[in-house]
Each structure stands twice: as C-alpha cells, then as structure tokens.
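[1] using only what follows, build the 3D model:
(chains A and B)
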Amino acid sequence: MIEISHLTHTYPGNRKSPPRTAIDDLSLSIPAGEFCILSGPNGSGKSTLFRILCGMALPSSGTIRIGGHDLFAEPAAARARMSVVFQSPAIDRHLSVAENLRLQATLYGLSGADYKARLGEAVEWTDLRDRLADKVDTLSGGLARQVELAKCLLTRPEIILLDEPTTGLDPNSRRNFIEALQRIQRQRKMTVLMTSHIFSEAEDADRVAIMKGGRLLACDSPQALRARLGHEMVVLQSRRAESLLPRIEADLGIAVRRYGDELRLEETVNGDSLPILERLLGLYRGDIDSIAIKQPALEDVFVHMTGKTAQDIEREQLEIEAP
Amino acid sequence: MIRVALALAQREFIRFLRQPQRVVGTVAQPVLFWLFLGTGFSSSFRAPGMEQVSYLEYFYPGVMLMMMLFASIFSSITIIEDRDAGFLQSVLVAPVSRMAIVLGKVLGGTAIALVQTVIFTIAAPFLGLSLGAGALAMLLGAYVLTSMGFAAMGFFFAWPMRSSSGFHAIMMVFLMPLWMLSGALFPIERVPGWLHLLMNINPVAHALVLLRTPLYMSVSEAFQNQRYLLALAVTAVWTIACLLGSMARVETRDKGGAPASA
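    Got it, this is the predicted structure:
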C-alpha cells in the first residue's frame, strides 16, 4: 500500500552550512491493513519523510507509491487515497466542528447525501456527536484531536498518516485517541503509518520502524524487536557509571552500555541475570545506587539501537520548542 | 475547483465576521482617515482641473482604494496565521488544485473588501454625487477587479513569509507607498518629474482611475475615454499577473538537493 523505494533527501547547503542528508537511501514497504509506527530520535529524518509522504516536499531521489500511484507523478490520485493528521492541529479554531468537517468534505469533493452519511460515520467513531455546533475553540485538547480524526475518517481513506498525533495530550486523552484509532483501523482494515516517541503506543502496532541518521535501522513486530535484546537484562544506576563501566567489562567479561548514569548489561544469557546481579552487588555495592533485572521493552530496543533514551528525546524536544 | 475556492472564500468571510475587532478596524480606519484628512484639507486643497471638488470628495475614491488595500492586507496576514496554526497544511495535502487555494484566499479577501466598499458607496450622495445604475455597475466592476488585484498581490508577498512582522515590513515599504503614489492623496499633475514617473508606472494609480471615472462620467463616456480603457487594461493585466505569480508560489515545494555524496 505504501512503497518507499531508495528514498534520499538532501537539504541543499548554503554559505553557512553544508548540504545535509536527512534521508539516506531508505526503502520501506507497508502492506495494506498494517498499523506501522515510525520512531527515531530528533534529526533521524522522520519529519522529512513525513513531509515527503504528504507531498509537501520533493526528495532528491527515490520513489514512493501510494496505493499503486506514484506520489510525485500522480499526486492528486495518491492524495485522494490518504488522510493526514499533523502534529500541530490543522483545524480552524474560529469555525465550529461541523463547519470544519464540511470544509474538509468540500476539499475532498464530498457533498449532499454522501457527505451526510459519512459525517454520521465519522462522528460515530468519536465523542463529537453532541459537539458539532460548538466552536473548536471551546473544545478540550483531546476533543480537538478527535475533530482531526473525524476529518480523516470523513474521506474514508485507505491510508492514514499521523505525525505524533498525541503530543501534548494528557494520558487519558492519549489513550482514548489511540484506542479509537486502533478500533477504526482494525474494522476498516486501513493502513496506518504513525510517527511516535511514545513506546506504549508502539506496543500494539503490527510493526515498528526505527530510524536514525536518515536510515532505517529496523522494521519488525514489537515482539521480534524485543527478542533482539534477549529475554532479560541487568540495569543499574550509578553516579560513577563512567568509571564503573570499564571495571565491570574487565571483571565480568560482558559488554556494558552506558546511557548517562545508567549502565546496561544487555547481552546476558537467559538465566544468567541473577548470578550477574549478585556478582555486581558483591563487587561494587558501594558504587551502585540501584540495580534490577528487567525484561526488555520496546523502549530498551530503541535505546539500544539509537543510543537515545526517552528522556533524551523529551529534553531535545523541549529545547527545540523553547523560544 | 470553483466549489473548493468558494468554500475557502466562505471560510475567510465567516472568520472575518467572527472577529468584530477586525471588522471595526478595517472599516473604521479608512473612514476616519477620510473624515479627518478630507475635512482638514478641504479649505486649502484644490486639484487641477477639479477646482469645484472638495478634498473630502477628491479623497473619496482614494479611501475606497485604501479599504481594498487594508482588506487585502488583513486577508494576506491570515495566510501566515493559517500556516502558523497548522490549518494551511491540511489544505495543501488535500487533492485540490493549487489554483483553488489561491482563488479561495483571493475571493475571500475580495468579498470582505466588497462589503466595505459597497457600504462606503452610500456616502456618495452626501458629497453631491448622483450615481446611476451604470455608474454603480462600473464601480462594482472596479471594486471586484481592484480587490482581486490587491488580494492576489498580498497573497504573493505573504506566501513565503514565516512571520506577520515580515509582512508588516512589506506592507509599510511597498503596499502603502503604492497607495500613496496612486493619486489617492494628491493629484499626479503637479508633482516633480521623478514622482510623476513613479506614479505613472504604479498600477494602483490606474485602479484609482477606474474608481474615480464612474463618479463623473456616464458608461458610454467612460468606454470612449482612452485613459479609462488604459486603466481597465492595466488593472486587469496587473490582477492576472498577481494571480499567476501567486499560483506559481503555491506550486513551489521544497526540493531535495543533489545527494551529498554526488
């Protein structure tokens, strides 16, 4: 359904900065009906890929086919098959919910009885039935997001692209949004490609694609990705993590990875974790602030592959958003 | 395409009506300009060849032009606001022609300008100007053509802008001087040579001719008047050029450069 083939995008340089390759020979195929999460640290090329997929930027090279249509040669046909939910709200806050939906319908050539039927369907999936006459200005962040979702559903798209749609929502609204999206996706067998930093959202996806430096590092089911780290790992926190790392590697002969004050022994053999933990406590009790055996989560896979923790990404995001 | 353009124009108009401060600002400012400047200069100003005309009357079509300019400026600023608010991107990813996007904004700005100028036309009888059906039709045509020209020009400048402060700079150094040098404030006849040249090549000066002529000429006289016909042609060409320029701007998408390794 979405076929990305050998996509490369280079931002042209200028006198102050050299050209920068944001996407580097990326190929990714998302079959019809799949829910795929695209994740990666800031600067990994996700946003550039999203802009290209939306048809808002043209790549340096490569092709994208959407439902069989070449996105660059037949943009209108490709766009007609997909809907997009952007990170920033793309609704007019001066208009009512119904006015926003009607405008969206007009943009996609819907009118009359067809529009009414689709409006009924779109509203059924969301909590907007009693809020159609309300100005968007008066809605909560979660409901405003649902207007975006309703706008998408109105066009009965085969494909939905979402760019971090739950950013800024409280956990409850976030959960409601994702649950509604997953319910609709399953029932309508839509293809969904969603960028996200929130790993709980990725757990229910069919596949998770991880990008770094413009390249695709992995694209697999959450289970398969977790299996790459084995079934257990030992994680310890220490204020002396930097000096502790070479000592552990020398004493235990196990590769250790450091993320700030955190040390991870990821390549432990199943069942070895407890003896390793006991040995670590025996050798370095005074240097260890906390220690645990944990089963790898998607977040751990992400950290392992990109070298960035969720906190790193959040911090970077705040730095980008700060005026 | 027309349906999409009209829907986008309707949105512009609804937004305008739902922002009372914008309605007051765009109507009140030109009217205050007209009343204060018109009354203030009335005793000391006589335009060459129009000695019987008070400044209040002379300035009247200039204020109409100003209303259209202001309507286009405010309408153009909404392009920047729509981009900031994220609304624009949802329109850009829809399967609609770029021409519909430009026409939607331009027709929206034109509709707003039309409401203001049509209301302002009511002041004509108080100046002793009697306007017949022909004159009103000519004025309406001039309002539509000129408003579209201003709105398209505003669109052309606003599209690449990332902040409304940048657009304000364009407004102050380009759009306002176009209006000031149109003959709206003072006649073209007795100005120094360099200013005369600037005013002659200013397309907005021709738009003013379209607005002033129906106040003093019948339809048949106007359409036999070479200056009026030239003004009509120049204004039409200017409007079309601005529309085409705006469409070209919207068509432009960020294009990746050559791969860094190449």
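[2] grab the most central residue of chain A for me.
    A:S196 (2.1 Å; CA atoms, centre = their mean).
[3] report the contact partners of residue 178.
    Just so you know, I chose chain A. A:T166, A:E201, A:D204 (CB atoms under 8 Å, 6 or more residues apart in numbering or on different chains). Glycine gets a C-beta too; all of them are placed from N, C-alpha and C.
[4] other chain: chain B
    Contacts of B:L178 by CB under 8 Å, 6+ apart are B:L69, B:N202, B:P203, B:V204.
[5] and those residues as TSV, adding secondary structure, pLDDT and distance to chain A?
    Formatted as TSV, the contacts of B:L178 follow (DSSP: H, G, I helix; E, B strand; the rest coil; pLDDT from 0 to 100; distance: CB to the nearest CB, whole Å):
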residue	secondary structure	pLDDT	distance to chain A
B:L69	helix	87	23
B:N202	coil	91	35
B:P203	helix	90	33
B:V204	helix	91	30
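[6] may I see those organised as JSON lines, with distance to B:G245 and neighbour count added?
    Output for the contacts of B:L178, formatted as JSON lines (distance: CB to CB, whole Å; neighbours: other CB atoms under 10 Å in any protein chain shown):
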{"residue": "B:L69", "distance to B:G245": "18", "neighbour count": "27"}
{"residue": "B:N202", "distance to B:G245": "17", "neighbour count": "21"}
{"residue": "B:P203", "distance to B:G245": "13", "neighbour count": "19"}
{"residue": "B:V204", "distance to B:G245": "16", "neighbour count": "26"}
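[7] per-residue pLDDT, residue 57?
    The chain I'm using is chain A. According to the prediction, A:A57 has pLDDT 87.
[8] I was after chain B.
    For B:E57, the predicted pLDDT is 88.
[9] just A:L26 next, same as before
    For A:L26, pLDDT reads 92.
[10] check contacts around the residue nearest to it when sequence neighbours are not counted.
    The shortest distance from A:L26 to any non-neighbouring residue, by CB to CB, 6 or more residues apart in numbering or on different chains, is to A:L7 (4.7 Å). Counting by CB under 8 Å, 6+ apart, A:L7 touches A:I23, A:D25, A:L26, A:S27, A:L49, A:I52, A:P59, A:S61, A:G62, A:T63, A:I64.
[11] top of those by neighbour count?
    A:L49 (29 neighbours; other CB atoms under 10 Å in any protein chain shown).
[12] tell me the secondary structure for it?
    Assigned state for A:L49: helix (three-state reduction, DSSP: H, G, I helix; E, B strand; the rest coil).
[13] who's the closest spatial neighbour of it, skipping the chain neighbours?
    Here the residue nearest A:L49, using CB to CB, 6+ apart, is A:I23, at 5.8 Å.
[14] picking up where we left off before, let's have the contacts of A:I178 in JSON lines, adding secondary structure and pLDDT.
    As requested, the contacts of A:I178 are exported to JSON lines (DSSP: H, G, I helix; E, B strand; the rest coil; pLDDT from 0 to 100):
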{"residue": "A:T166", "secondary structure": "coil", "pLDDT": "83"}
{"residue": "A:E201", "secondary structure": "helix", "pLDDT": "81"}
{"residue": "A:D204", "secondary structure": "coil", "pLDDT": "82"}
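[15] which one of those residues sits closest to B:I119?
    A:T166 (46.8 Å; CB to CB).
[16] residues contacting the closest one?
    By CB under 8 Å, 6+ apart, the neighbours of A:T166 are A:R145, A:S173, A:R174, A:F177, A:I178, A:S196, A:I198, A:E201.
[17] narrow the contacts of A:L7 to those in strands?
    Judged by DSSP state E, the contacts of A:L7 include A:I23, A:D25, A:L26, A:S27, A:S61, A:G62, A:T63, A:I64 as members of strands.
[18] of the residues you listed, closest to B:M171?
    Using CB to CB, these come closest to B:M171 at A:I23, 38.1 Å.
[19] give me every residue that touches the closest one.
    A:L7, A:T8, A:H9, A:G45, A:T48, A:L49, A:I52, A:P59, A:G214.
[20] so B:T213: helix, strand or coil?
    Following three-state DSSP, we place B:T213 in the helix state.
[21] any chance of the backbone angles for residue 169?
    Since you didn't name a chain, this refers to chain A. phi -90, psi 150 (degrees, to the nearest 10).
[22] not what I meant, chain B
    When quoted as degrees, to the nearest 10, the phi and psi of B:A169 stand at phi -60, psi -40.
[23] check which residues of stretch B:203-218 are buried.
    B:203-215, B:217 (16 or more other CB atoms under 10 Å in any protein chain shown).
[24] cool, stretch B:123-133 as well?
    Under the neighbour-count criterion of 16+ other CB under 10 Å, stretch B:123-133 has B:A123, B:A124, B:L129 buried.
[25] and the contacts of that stretch?
    In contact with stretch B:123-133 (CB under 8 Å, 6+ apart) are residues B:S54, B:L56, B:E57, B:Y60, B:T121, B:L139, B:P214, B:L215, B:S218.
[26] keep only those of those that are also close to chain A.
    Among the contacts of stretch B:123-133, not one lies near chain A by CB under 8 Å from any CB of the partner chain.
[27] rebuild the contacts of A:T166 as CSV, extending it with distance to B:M99 and secondary structure.
    Shown next, in CSV, are those (distance: CB to CB, whole Å; DSSP: H, G, I helix; E, B strand; the rest coil):
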residue, distance to B:M99, secondary structure
A:R145, 31, helix
A:S173, 38, helix
A:R174, 39, helix
A:F177, 35, helix
A:I178, 38, helix
A:S196, 36, coil
A:I198, 40, coil
A:E201, 39, helix
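[28] ok, which pair from these is furthest apart?
    Across these (CB to CB), the longest gap, 14.8 Å, separates A:S173 and A:S196.
[29] which residues touch residue 5?
    Went with chain A since none was named. Listed by CB under 8 Å, 6+ apart, the contact set of A:S5 reads A:S27, A:G62, A:T63, A:I64, A:R65.
[30] actually chain B
    B:M99, B:A100, B:L103, B:G104, B:L107.
[31] let's see that with 10 Å instead.
    Applying CB atoms under 10 Å, 6 or more residues apart in numbering or on different chains to B:A5 gives the contacts A:106, B:96-97, B:99-108.
[32] and what of B:D82?
    If you count contacts by CB under 10 Å, 6+ apart, B:D82 has them with A:A90, A:D92, B:R11, B:E12, B:R15, B:L88, B:Q89, B:S90, B:V91, B:K105, B:A158.
[33] ok, then the element right after the host helix or strand of it?
    If you go by DSSP states H and E, B:D82 is part of helix B:60-85. The helix or strand immediately downstream of helix B:60-85 is helix B:87-92, counting by DSSP H and E.
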